[in-house]
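**Q** pasting a predicted model and its sequence here:
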Amino acid sequence: MKQHSKYIKRVLAGLFSVAFIISLFIYQDQIINYTQNLIVSNGKIEQITPNAYTVDYEFMFIKNTNDLEPKDKQDLLNIYYTLINSGQTTLSFYCPNAYNDCLDNLKKIAYDNELLSHINNFAHPFNSFKYITTKFNNRNHITIELVHNYTPEKIEKINAEVDKIEQKLIKPDMNTEQKIRVIHDHIIDITRYDVDRANKEDFSRESDTAYGPLFQGYAICSGYSDLMAIFLNRWQVPNYRIASENHIWNLVYVNHTWLHLDLTWNDPVMPDGSDVIDHTFFLITNEKLQEIEPLEHRFPTHIYIEGK
C-alpha cells in the first residue's frame, strides 16, 4: 500500500512538472513581458553613470534623462544622448509593451547616421563616439554600444597640453569673451587646414580630432571645433558643436546670447600659403552668419534650436 502511494505521488509529481513546463512554453511571451515590465517599473535594468566630461547643460532638442522606460520617440532620443554624454560604452533597456511603436521608432533612430551624428555634437568631444551600433530583438530588448573618438591615453595627453596653453595664455582678469578670443587665435596660429584630408587624399594625420591641431599642426573643421569645445567646457561655458551637411563649427553661450564661432573659416587657406587669422566668424549672431555665408552654414534649425 505504501509502495502504491509512493508510486502515485511520483506520477502526480511528474504530471505536475510536465504541466508546468507546458505552461511555461505556452505562456512564455506573457511571462517574459511581465518580467521585463516588472524590471522596468522598478528601474533596475541599468543605470547611466556620468563621468568627469558629462555635459549638464539643458538643451532644447535633447536632454539628459534618468528614465529608461521610453514612452515616445523623444524619450528614445534622450536615452541615446544620455548614454553618449555619460562616457559609457554600452547600455541595455527594454521597450515597454505600452509603447507600441517603440521598436519602429528606435530603428528609425538607429539607422539614421546623420541624426546620431547630430546628437553626438551635444556631448563633450571626449565622450563623443566614433562608431555606434544598436541591437534589438523581438523581446523588446535593446542594447546600444559605442566606440569613443578619444582613447584614455589621447585624453591624458590632450589635457596635459591644454593645461600648458591655459597657464601660458589665460590671465585671471580675463572675461569669457577675452579667453575665447585668445584661445581662438592660438589654435589658428598653431594650425593649418588639412586640405589633403578634406579632399580624402591623405588620412595619415588625426586632423579630424583635437589631437591634430595640438600635436600635428593640422585640422579639418571637426578638429578645430573639438579643440575649441574642450576649452569651453573647461570654463563651463555652455556650448555645442553645430553642423551643416558638410561642415561643423561651435555654438557658444556668451553674455546671455547664443553665438556662432567658426575657427575653420577664420583660418582661411591663402593662395600664397601665408597664415592669416580672421575674426569674421568670431561670436556672431545667426542673422550675421547667414548674411555672410548662407551655404556651408545652413544647419537643421529643428535640432540646433539655440543657433537660430
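**A** Received, thanks.
**Q** quick one, domains of the protein?
**A** 2-40, 45-148, 152-307 (automatic domain parsing).
**Q** for the most centrally placed residue in the chain, phi and psi?
**A** Nearest residue to the geometric centre of the chain (C-alpha atoms, centre = their mean): Asn120, 2.9 Å. Main-chain dihedrals, Asn120, degrees, to the nearest 10: phi -60, psi -30.
**Q** neighbours of the residue nearest to it when sequence neighbours are not counted, how many?
**A** Take Asn120 and drop its neighbours on the chain: the residue closest to it by C-beta to C-beta, 6 or more residues apart in numbering is Ser128, 5.0 Å away. In this view, the C-beta of every residue, glycine as well, is placed from N, C-alpha and C. By other C-beta atoms under 10 Å, 26 other residues sit near Ser128.
**Q** one more: the one 3 residues further on?
**A** Using other C-beta under 10 Å, Tyr131 has 9 neighbouring residues.
**Q** ok so, going back, my guess is the residue nearest to the centre of the chain contacts Asn85. True?
**A** No - taking contacts as C-beta atoms under 8 Å, Asn120 lies outside contact range of Asn85: 9.5 Å.
**Q** with just CA atoms, put stretch 257-277 into PDB.
**A** Backbone C-alpha positions of stretch 257-277 (Å, rounded to 0.1, in the frame of the first residue of the first chain) are rendered in PDB as follows:
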ATOM      1  CA  THR A 257      23.300  85.000 -26.100                       C
ATOM      2  CA  TRP A 258      24.000  82.000 -28.300                       C
ATOM      3  CA  LEU A 259      26.600  83.000 -30.900                       C
ATOM      4  CA  HIS A 260      28.400  81.200 -33.700                       C
ATOM      5  CA  LEU A 261      32.200  80.600 -33.600                       C
ATOM      6  CA  ASP A 262      33.900  79.100 -36.700                       C
ATOM      7  CA  LEU A 263      37.600  78.600 -36.400                       C
ATOM      8  CA  THR A 264      37.900  76.900 -39.700                       C
ATOM      9  CA  TRP A 265      36.500  79.800 -41.700                       C
ATOM     10  CA  ASN A 266      38.600  82.100 -39.600                       C
ATOM     11  CA  ASP A 267      41.700  80.200 -40.700                       C
ATOM     12  CA  PRO A 268      41.500  80.600 -44.500                       C
ATOM     13  CA  VAL A 269      43.700  78.800 -47.000                       C
ATOM     14  CA  MET A 270      45.500  81.700 -48.700                       C
ATOM     15  CA  PRO A 271      46.700  81.300 -52.400                       C
ATOM     16  CA  ASP A 272      50.300  82.200 -51.400                       C
ATOM     17  CA  GLY A 273      50.300  79.800 -48.500                       C
ATOM     18  CA  SER A 274      50.600  82.500 -45.800                       C
ATOM     19  CA  ASP A 275      49.000  82.200 -42.400                       C
ATOM     20  CA  VAL A 276      46.100  84.500 -41.600                       C
ATOM     21  CA  ILE A 277      43.900  84.900 -38.500                       C
END
